[in-house]
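Novice: Here you go, sequence then predicted model.
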Amino acid sequence: MGESRRRRRWTALALFSFALLASGCAVNGMPPSSPATTSTVSTPSINDATEAFTRFNSVLDGYYSGTAVADDFAPVATSGFLNELREAEKNSDRRTRTVGVSTFDSEKLVDPTQWGGFGELALVVCRDVSKTQLIDEHGNPSTTKRARTRIPMIVFFEPGAASQSELVVTKVEQWNETDYCS
């Protein structure tokens, strides 16, 4: 094999290895313990994802307060995720509810393929529920103390059917990494 051909193969192998490491892939195929950001996502933007999650979070607050039902997620979620929410609603205990408004911060775009591939874009957020309160079925404040008030979540999106520029949620997951949103 000629010297330049060997050099090209070596360079290609080095670039492939670097790309694999830069992507944050773990050797065992599991996602890293904290989300790796991606700089290659150009469209849609972090602003589009943040706006889409703002709409979803507003419906989520209504759902937890008892003023919204699973069908109210229809404009902000895919039909598949909406069906999952409807099934979950059938099995939920809606005697306790939440009053107040949650917020979120620390938005970061991540590579959705590292986290299960539930959409074309993924956003990590810290959902803050410190300004909400649990109340029981009689309308009294719950005496149960929450385990935490800042919840790390990963939200997966894809373009909506009505508009490719408006994102809809395909799945929301939270994970138990205690230090991520501290």
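Specialist: Thanks, I have it. What you are looking at is a predicted structure, and each value in this text was computed from that prediction instead of being measured.
Novice: For this protein, give me the ranges with low pLDDT.
Specialist: 1-43, 115-118, 163-165 (pLDDT under 70).
Novice: Which residue ranges of it form helices?
Specialist: 3-22, 46-65, 79-90 (DSSP state H).
Novice: Now do the last one: everything it contacts.
Specialist: So the one you mean is helix 79-90. For helix 79-90, contacts defined as CB atoms under 8 Å, 6 or more residues apart in numbering pick out 69-71, 73-74, 77, 169-171. Where you see a C-beta, it was placed from the backbone N, CA and C, and this is true even at glycine.
Novice: In CSV: the residues you listed, plus distance to residue 141 and neighbour count.
Specialist: Output for the contacts of helix 79-90, formatted as CSV (distance: CB to CB, whole Å; neighbours: other CB atoms under 10 Å):
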residue, distance to residue 141, neighbour count
69, 24, 14
70, 26, 19
71, 29, 10
73, 27, 24
74, 32, 14
77, 30, 25
169, 30, 28
170, 35, 21
171, 32, 21
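Novice: which of those lies closest to residue 147?
Specialist: Nearest to residue 147 among the contacts of helix 79-90 is residue 171, at 22.4 Å by CB to CB.
Novice: where's the residue nearest to residue 130 when sequence neighbours are not counted relative to residue 143, distance?
Specialist: Ranked by CB to CB, 6 or more residues apart in numbering and with sequence neighbours excluded, the top spatial neighbour of residue 130 is residue 149, at 4.0 Å. If you measure residue 149 against residue 143 using CB to CB, to the nearest Å, the figure is 16 Å.
Novice: So between those two, which is more surrounded?
Specialist: residue 149 (13 against 7; other CB atoms under 10 Å).
Novice: Correct me if wrong: the more buried one contacts residue 126.
Specialist: No. Residue 149 is beyond contact range of residue 126, at 10.1 Å (criterion: CB atoms under 8 Å).
Novice: Quick check: beta-bridge partners of the most centrally placed residue in the chain?
Specialist: Compute the mean C-alpha point of the chain, and by CA atoms, centre = their mean the closest residue is residue 155, 1.5 Å away. With DSSP bridges as the criterion, residue 155 is bridged to residue 123, residue 172.
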